[in-house]
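Asks: Next one to model:
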Amino acid sequence: MKPIKSLLAAAAALAVATPALAQEVPARIKEAGKIVIATNPNYAPITYKDPATNELTGFDIDLGEAIAEELGVEVEWQEIAFAQMLPSLQTGRVDMVLAGMSDLPSRRDVADFVDYMVSGAQFYTSSALADEIKTPEDLCGKSVGASRATNWPTQIAEWSEENCVAKGKPAIDAVGTEGSVGARTQLKTQRIQGAVQGNETLPYFQELEPDTYVLLGEPFTKTLTGIPFLKTETQLRDAVKAAIERLQENGTYDQLLAKYGLAANKLEPVTINQGK
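Replies: Below is the predicted model of the structure:
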């Protein structure tokens, strides 16, 4: 029989060899050896398909892979419509969501959010309309589109009430579109005269489609982007939060932000349910 000291030394060595966070995730995830993450790859550079390979890529994808490595498990990605993200959590189809989702009080009825990035709603127009529309105020009385799956149409209306109507100008017509792609398409055909999406995405599209989009002013909201978890999944939520904190400490988080041109969207420290 081995001496007690030898057994303790062996146990300590095993603990060091085992990824620390793998011991913190729920037993079902540890046993499966994987974490199932929902995404919707239509929000570049956060989550999208590489045009050359058709493979998932983007900040959220790289972050998800890095989190899984910290947790000591693999990732199984599930491509799900944005509107079905939270229902998929509730049915147990997925364990968490990485899709650039805003942490909103209304969404916290069913989920807790680990906030990992800051975003802001940004007005923009097309270069074809830039001589006529030079500031956000120039959109008063015009049609402005944004994805109906987000809270941007509501925020546009609120901004309009304060900055157009309250100053005697006609209100903005906030148009809900089928995703941000739909807003950009309608803008390019001038069915709408302006659009709104997260400030983290627009530099990518300005680079992808040169001389097509013009930013108007600064972001007019501040929103925290978060990873939702079922409220009963506090163990997993806390393990993922700790994983991101370690990625911030070792520099991986900053490297990923720099890779996708998102330095202005850095959020530190990581928070839980702090979106407004």
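Asks: Take the helix or strand harbouring D115, keep the C-alpha atoms, and write them as CSV.
Replies: In the assignment (DSSP states H and E), D115 maps to strand 111-119. Extracted in CSV, the C-alpha atoms of strand 111-119 (Å, rounded to 0.1, in the frame of the first residue of the first chain):
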residue,chain,number,x,y,z
ALA,A,111,-32.3,34.3,-18.4
ASP,A,112,-29.2,35.6,-16.5
PHE,A,113,-26.6,37.4,-18.7
VAL,A,114,-22.8,37.3,-18.4
ASP,A,115,-21.9,40.7,-19.9
TYR,A,116,-18.7,40.6,-21.9
MET,A,117,-18.8,43.5,-24.4
VAL,A,118,-20.2,47.0,-24.7
SER,A,119,-22.2,48.2,-27.7
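Asks: Could you list the low-pLDDT ranges of the stretch 1-150 of the chain?
Replies: Scanning the stretch 1-150 of the chain with the threshold set as pLDDT under 70 gives 1-23.
Asks: picking up where we left off before, for the strand holding D115, the distance to its chain's centre please.
Replies: Centroid displacement of strand 111-119 relative to its chain, using CA atoms, centre = their mean, to the nearest Å, is 8 Å.
Asks: which outside residues touch that strand?
Replies: 59, 63, 86, 89, 100-103, 107, 198-200, 219, 222-231, 233-234, 237, 240-241, 244, 262, 265-267, 270-275 (CB atoms under 8 Å, 6 or more residues apart in numbering). C-beta here means a position set from N, CA and C on the backbone, and glycine is covered the same way.
Asks: Parallel or antiparallel, which strands does whichever helix or strand comes after it pair with?
Replies: Of the helices and strands lying after strand 111-119 in sequence (DSSP H and E), the nearest is strand 121-126. Sheet pairing of strand 121-126 (DSSP bridges) gives strand 194-198 (antiparallel), strand 213-216 (antiparallel).
Asks: Buried ones in the next helix or strand after the longest one, by neighbour count?
Replies: Spelled out, it's strand 194-198. Scanning forward in sequence from strand 194-198 by DSSP H and E, the next helix or strand is helix 202-208. In terms of neighbour count (16 or more other CB atoms under 10 Å), helix 202-208 has its buried residues at 202-206.
Asks: Mind telling me which residue is nearest the centre of this structure?
Replies: G100 (1.5 Å; CA atoms, centre = their mean).
Asks: give me phi/psi at it?
Replies: Backbone torsions of G100, given as degrees, to the nearest 10, read phi 60, psi 30.
Asks: give the contact list for it.
Replies: G100 neighbours (CB under 8 Å, 6+ apart): 43, 46-47, 60, 119, 198, 200, 225.
Asks: Give me the distance between it and E158.
Replies: 21 Å (CB to CB, to the nearest Å).
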